[in-house]
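> sharing a model prediction with you, sequence too.
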Amino acid sequence: MKVNYQTRNGRLSVELSGDDQKSIFSEIAKFQEVFEESVCGKCGSDNVRFVVRAVDDNEYYELRCADCGARLSFGVNKKGGTLFPKRKDGDGNWLPDRGWVKWNPKTEQNE
């Protein structure tokens, strides 16, 4: 089976395939989790960009707001290598603003 899927804002469209309805459903869910995030969780701007940074042979995936500088980081699943938005802190607590953080140079911490 193949299905064409377009994000709500129309910026992206993709062809997904699977053997049955469950696998198509799963593929759409994985795509939506990463690519349906279309507004900044801090300021509400839709001026967000996909960014991949390389530091010491490691790649970091994030969405970055071009208006306020906030970012949403993505982790990589060990199994399968798919991306997921990091919406919890290191202790497993939910982050405010749906995981969008902004660096505060005065306190030298993410807010």
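Received, thanks. Numbering: from 1, shown residues only.
> can you show me the strands along the protein?
2-6, 13-17, 48-55, 58-65, 71-76, 83-85, 103-104, 109-110 (DSSP state E).
> direction included, what does the last one pair against?
Same thing as strand 109-110. Paired strands of strand 109-110, with direction, are strand 103-104 (antiparallel) (DSSP bridges).
> the partner strand - what's its average pLDDT?
The average pLDDT for strand 103-104 rounds to 80.
> re the thing from before, looking at the strands of the chain, spot the one closest to Ser26.
With CB to CB, the closest approach to Ser26 among the strands of the chain belongs to strand 13-17: 9.4 Å. In short, each C-beta sits where N, CA and C put it, glycine included.
> quick one: buried residues of the closest one?
Leu16 (16 or more other CB atoms under 10 Å).
> do stretch 95-111 as well
Here stretch 95-111 shows Leu95, Gly99, Trp100, Val101, Lys102 as buried, counting by 16+ other CB under 10 Å.
> which residues does the closest residue to the second one other than its chain neighbours contact?
Distances taken as CB to CB, 6 or more residues apart in numbering place Arg87 nearest to Gly99, at 3.7 Å, with adjacent residues excluded. By CB atoms under 8 Å, 6 or more residues apart in numbering, the contact set of Arg87 is Trp94, Leu95, Arg98, Gly99.
> rewinding a little: CSV for the strands of the chain, including distance to Glu37?
Shown next, in CSV, are the strands of the chain (distance: least, CB to CB, whole Å):
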stretch, distance to Glu37
strand 2-6, 15
strand 13-17, 15
strand 48-55, 7
strand 58-65, 6
strand 71-76, 6
strand 83-85, 7
strand 103-104, 19
strand 109-110, 18
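> pick the most buried one from the ones you listed.
Mean neighbours per residue, mean count of other CB atoms under 10 Å, is largest over these for strand 71-76, with a mean of 18.
> how is this protein divided into domains?
Under the assignment automatic domain parsing, the domains of the chain span 1-36, 43-111.
> now stretch 74-92: how far from the chain's centre is it?
Mean C-alpha position of stretch 74-92 versus that of the full chain (CA atoms, centre = their mean, to the nearest Å) differs by 10 Å.
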